[in-house]
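Student: let me see the structure of the following:
(2 chains)
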Amino acid sequence: MKVYISGYGSISSLGNSPKEVFGALLEGRSAVREIEAWRSLAGLNCYLGAPAQAYDISSLPRNARRTMSPMAGMAALATQQALNHSGLDLQDFDFSRALLAMGSTTGSPIELEEYFFKFQQNKGLHGQSGTSFFKVMNHSVASNVAVALGFNGAVIAPSCACATSAQSLILGWELIKSGLYDTAICGGADELHYLSAAIFDSVYAASRGYNDRPEATPRPFDKRRDGLVVSEGASVVILESEESLSRRGGKALGEFCGGSYLCESSHMSQNNGDQMHKVMNTALKRSGITKDQIEYVNAHATGTLQGDAAEAMAIAELFGSQVPVSSLKAHFGHALAACGAQELICSLQMLDSGVQIGTRNLEEVAPECEGVMHLQANRKVNTQIALSNNFAFGGINTSLIVRKI
Amino acid sequence: MYNSKIVDTVNKILQEKFEVPSNDIALHAKLKEDLKLDSLDFVEMFIILESKTGSTVKDIDFMSIQTVEDIYKLVSSLSVEKPLN
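Tutor: Model (predicted):
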């Protein structure tokens, strides 16, 4: 049984629709800029971030908005886009075979900061909002989207940082293939906060050397890379069984061939190229796709010294230097929970448009990242099947495969 | 009948925080049926009123707060000790 992509939506640093985003990628734009307020934070060495383009949640009902932090708001908008794109109408929908799988790295850091700031100021709980918990609970994104849009099916809230939306997608695919579900609305969202930058900075994984030249970083695979830049956004993809799509006369936008998620248990923050190789290989096996069929690899590569090298080694071992590889993190920044779905959407757009997007800021390939066919500029080529990786702290490795229709 | 500052403060909260159209705010308007407020909104309302009056809304019988007028009465009783800020 095939599983198809029937809709998608994005709120991101490069634009608030997939069309806008791809336009920005074609132009080679960067969303990275200085976050002025972060300069005053003692101990933070990276002052860069990639905020989402301005968006408006006022169209959502008030009783939905009141429990939303920015991540949930962006997720609701992205889900609405995806539903509109797919033609699915939740007002007339069989929820018994529908799944919503969506998450974020943590609950809202913005709300958490406000809560504890008030707590310290008031020396207790006075003045705290009754809606705070709904913004910081780990399933805030999933629940808020479900309540805002009237989703009454199964709701699951995967939460594994940078691999969240990829994991949601693979889970959705597995459950549709199992025959238990026909539709899976999958995605992830995170909001920009200095805490995200600080977490990476504290392990020397955030870019520190380009604060005065924001658009020159991150630099995936580059000799002069020095770490990642955090971003924010929400991306959602709707998967549907072949039967469901056919029954309702929907349109397949792509085929979700399959994926894999495996844990690398040897280290919490440093990834092992062997395990990355393994997760890609497993994704191929589970999809029934051979490595020779892969015509493009969308790398997770965030611009970190260790992660990029490990991924390049893994890709080189599996695909050699025959398959073009690029990372989009230098355009978007790293949108954490949203990046998996975001990069899947962009990979599909590359297949559809016949243009592969090159890695921005990749001026000189680092020796430890050699061995793969790095795309350093956009190129026109018609391709059918792409593989996309995402790797998260805690050894959470994912790889998924998409085919053009 | 009620202190104008209390009426203005409550009405402003209803409009700005709960997006109630000003035309819908009337003395006998029912909070749930007419203004579409629910239990979560009530909790939020009392937290705001506590911060405005500096008083604690203790032992409140939520079921007794049914209309806009009931809120005016509540705030009036809270404001007796400390003026609205």
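
Student: would you confirm that A:Val325 contacts A:Leu375?
Tutor: Yes: counting by C-beta atoms under 8 Å, A:Val325 does reach A:Leu375; the two are 6.6 Å apart. To be clear about C-beta, it is placed using only N, CA and C from the backbone, and glycine gets the same treatment.

Student: now do the same for residue 4: its pLDDT.
Tutor: Defaulting to chain A. Turning to A:Tyr4, the model gives it a pLDDT of 98.

Student: wrong one, I was asking about chain B
Tutor: Looking at B:Ser4, the pLDDT reads 91.

Student: count of neighbours near it?
Tutor: For B:Ser4, the neighbour count with other C-beta atoms under 10 Å in any protein chain shown is 7.

Student: got the phi/psi numbers for it?
Tutor: Phi and psi for B:Ser4, reported as degrees, to the nearest 10, are phi -70, psi -30.

Student: ok, A:Ser327 next?
Tutor: phi -120, psi 140.

Student: bridged to it, which residues?
Tutor: According to DSSP bridges, the partner residues bridging A:Ser327 are A:Ala299.

Student: okay, now it: neighbour count?
Tutor: 31.

Student: just A:Val237 next, same as before
Tutor: For A:Val237, using other C-beta under 10 Å, the count is 33.

Student: which one is B:Ser55 nearest to, not counting chain neighbours?
Tutor: Leaving aside its sequence neighbours, B:Ser55 sits nearest to B:Leu78 (C-beta to C-beta, 6 or more residues apart in numbering or on different chains; 4.3 Å).

Student: let me fix that: A:Ile156
Tutor: A:Ala101 (4.6 Å).

Student: does that neighbour sit in a helix, a strand or a coil?
Tutor: Assigned with DSSP: H, G, I helix; E, B strand; the rest coil, A:Ala101 falls in the strand class.

Student: and it, what does it touch?
Tutor: A:142, A:155-158, A:168-169, A:171-172, A:184-187 (C-beta atoms under 8 Å, 6 or more residues apart in numbering or on different chains).

Student: and residue 78, how many neighbours?
Tutor: I went with chain A, as the question did not name one. 33.

Student: can you look at chain B instead?
Tutor: Neighbour number of B:Leu78 under other C-beta under 10 Å is 21.

Student: buried residues in the strand or helix carrying it?
Tutor: Assigned by DSSP states H and E, B:Leu78 belongs to helix B:68-79. Neighbour-count burial for helix B:68-79, counted by 16 or more other C-beta atoms under 10 Å in any protein chain shown, picks out B:Val68, B:Glu69, B:Ile71, B:Tyr72, B:Leu74, B:Val75, B:Ser76, B:Leu78, B:Ser79.

Student: show me the contacts for the fourth one.
Tutor: Counting by C-beta under 8 Å, 6+ apart, B:Tyr72 touches B:Tyr2, B:Ile6, B:Val7, B:Val10, B:Leu27.

Student: repeat for A:Asp226
Tutor: Here A:Asp226 is in contact with A:Ser207, A:Arg208, A:Gly209, A:Tyr210, A:Thr217, A:Arg219, A:Gly303, A:Leu305 (C-beta under 8 Å, 6+ apart).

Student: wait, is it part of a helix?
Tutor: No: assigned with three-state DSSP, A:Asp226 falls outside any helix and is coil.

Student: show me the shaky parts of chain B.
Tutor: Low-confidence segments of chain B (pLDDT under 70): B:58-60, B:79-84.

Student: what helix or strand is the closest residue to chain A within it on?
Tutor: Distances between chain B and chain A by C-beta to the nearest C-beta are smallest at B:Val43, namely 3.7 Å. In this assignment (DSSP H and E), B:Val43 forms part of helix B:39-53.

Student: buried sites along that helix?
Tutor: B:Asp41, B:Phe42, B:Glu44, B:Met45, B:Phe46, B:Ile47, B:Ile48, B:Leu49, B:Glu50, B:Lys52, B:Thr53.
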